[in-house]
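Peer 1: Build me a model from this:
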Amino acid sequence: MSDHLPCLTPAGLPDGRWTSFACAAHDQGQRRAGTVANVSIQIRYCTATTTDKPFGEMRNFIGSRGSGALADEKKPAQRDHSHAAVWTRVVTAGFYGASTNNPNGVFIGTGALFVGTLPPITISSAEVSDNQFTVSWSSVAGNSYNVYTTTNLTPEQIHELGLKQIDEIEAEMFAIAHQLGFKDIAALNEHIKTDRSFYATSGQQVLDLYTDYVNAMEPELPKLFGRLPKSKLAVIPMEASRAKDSVPADYTDGAPDGSRPGHINVNEYDPEHRLTLNIEAIAYHEGIPGHHLQISIAQELQNLPDFRRNADYTAFVEGWALYSERLGREVGRYQDPYSNYGRLENEMWRAIRLVVDTGVHDKHWSRDQMVAYFHRYTAMDEPNIQTEVDRYIAWPGQALAYKLGQLEILKLREQAHQQLGDKFDLRAFHDEILANGALPLDVLDSEVSAWINTHK
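Peer 2: Below you'll find the model as predicted:
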């Protein structure tokens, strides 16, 4: 997919030197920036500026903002305005830079000034004529999507799947809203946003909730698995240095020899603005039966070489963790309907990712559109929304893997149940899913299909 974004320039441009000109581009509010020779454009605000800085000064200006490798520093006598450059993510926070080494030494780019707003794009051509400056660009998200999801799904297919998932989850959320006495989801969400009892009062309270949910789940695990890990799990505070801009909780692997336990790192920053109703689901996701159980079992698979025991296919690892959030219901957890609603909020969160990630990287959504989409469908707290949106912008495709991996496991479970009938054993199925460490989804499909055939 590519767009042509024309910017009208004043007539009679001086030879070799261009003055500022207005940009008449339309791009749904999305911010783009590029530099061709000495012309800079910033499409979101429909303005364009020029610079006569020597090439060395421009190198320092851009290099100080995290750009990649620069072109030949020698300023060319003649400039070629038709060339290609690739925007790349150089730090997770969202700095972008680009450069090219074309035969005439033309330098392109910096988006580094626009932190957290520029998705990776390819500028496929840039042309200057007497009356028009045109940039053609195209999304490069597709390759990233294939890497993280280990599928061949297109951005459009993923987007449509996300819309379908949102409809299905919304129906479940409506049922709980009705059960709790609310006329619709919006009324329940508004109640959650304004009732302070759904928010923590201290970091210690948040830490204690995670600990309690992990401790309550541990004795239930034999109902779900035949094999359990030897490695222990501890719930600890997240490092303060990264908490402000981090997720509600994450997981750190334990040592393969068991000398150090796995850790759920709990974010205690700004607890008064953190919802507590989704903590139960996150505890299962990050701890047991999610990341800790899956990763620890993989580390203990002595029949596999090291690289297999430590494989980290995002679609498998995160797909399993999201699938694990549901398992609590199968052993009597989520006894509070608000906590179950929080689980569905997490499901909705992952489904929304399919829409907003493809929205920004394939359909050219603005950051504001992404934030508004979260507000429309969830009661997620504001710090979480802001962190998530910046993450998708800076890390295309990674967040898609959660929902797509979960859906693959659910598909295989249904397939096994239908084909094995009364022979289907949930514990044996889970053991099979985890028996080979993390796998690409197509390989997982082949392995589970073979297992089904041997147990018919």
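Peer 1: Please parse this structure into its domains.
Peer 2: 2-139, 145-450 (automatic domain parsing).
Peer 1: In three-state terms, label A234 for me.
Peer 2: Three-state assignment for A234 (DSSP: H, G, I helix; E, B strand; the rest coil): strand.
Peer 1: contacting residues for it?
Peer 2: 261-264 (C-beta atoms under 8 Å, 6 or more residues apart in numbering). No exception for glycine: its C-beta is placed from N, CA and C like everyone else's.
Peer 1: And H159, by the same measure?
Peer 2: Residues near H159 by C-beta under 8 Å, 6+ apart: 354-355, 358-359, 362-363.
Peer 1: In helices, which of these appear?
Peer 2: Using DSSP state H, the members of the contacts of H159 that fall within helices are 354-355, 358-359, 362.
Peer 1: what about the strands in the stretch 201-350 of the chain?
Peer 2: 233-237, 249-252, 262-266 (DSSP state E, counting those that start in this stretch).
Peer 1: Direction included, what does the shortest one pair up with?
Peer 2: Each strand paired with strand 249-252, and its direction, by DSSP bridges: strand 262-266 (antiparallel).
Peer 1: what is the rounded mean pLDDT of the strand it pairs with?
Peer 2: Averaged over strand 262-266, pLDDT sits at 98.
Peer 1: May I see the buried residues of the helix or strand harbouring E168?
Peer 2: Using DSSP states H and E, E168 sits within helix 155-179. Across helix 155-179, burial judged by 16 or more other C-beta atoms under 10 Å covers 155, 158-159, 161-162, 165-166, 169, 173-174, 176-177.
Peer 1: Export these as CSV, with columns for distance to Q369 and pLDDT.
Peer 2: Shown next, in CSV, are the buried residues of helix 155-179 (distance: C-beta to C-beta, whole Å; pLDDT from 0 to 100):
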residue, distance to Q369, pLDDT
P155, 16, 91
I158, 17, 95
H159, 13, 96
L161, 19, 97
G162, 14, 97
Q165, 19, 97
I166, 15, 97
I169, 20, 97
M173, 22, 96
F174, 24, 97
I176, 28, 97
A177, 25, 97
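Peer 1: how about TSV for those residues, with distance to D250 added?
Peer 2: Compiled in TSV, the buried residues of helix 155-179 are given as follows (distance: C-beta to C-beta, whole Å):
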residue	distance to D250
P155	27
I158	24
H159	27
L161	26
G162	23
Q165	24
I166	25
I169	23
M173	25
F174	31
I176	27
A177	30
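Peer 1: quick one: which of the contacts of H159 is most hemmed in?
Peer 2: T358 (29 neighbours; other C-beta atoms under 10 Å).
Peer 1: ok, that one touching Q157?
Peer 2: No. With contact defined as C-beta atoms under 8 Å, T358 does not reach Q157; the gap is 9.1 Å.
Peer 1: Could you pull up the contacting residues of the nearest residue to E330 once chain neighbours are set aside?
Peer 2: Nearest residue to E330, sequence neighbours excluded (C-beta to C-beta, 6 or more residues apart in numbering): L224, at 7.0 Å. The contact partners of L224, taken as C-beta under 8 Å, 6+ apart, are 289, 327, 330-331, 426-427, 430.
Peer 1: Same question for T358.
Peer 2: 141, 155-156, 158-159, 162, 400.
Peer 1: what's the spacing between the residue nearest to it when sequence neighbours are not counted and P237?
Peer 2: Once flanking residues are discounted, T358 sits nearest to H159: 4.1 Å by C-beta to C-beta, 6+ apart. Distance from H159 to P237, counting by C-beta to C-beta, to the nearest Å: 37 Å.
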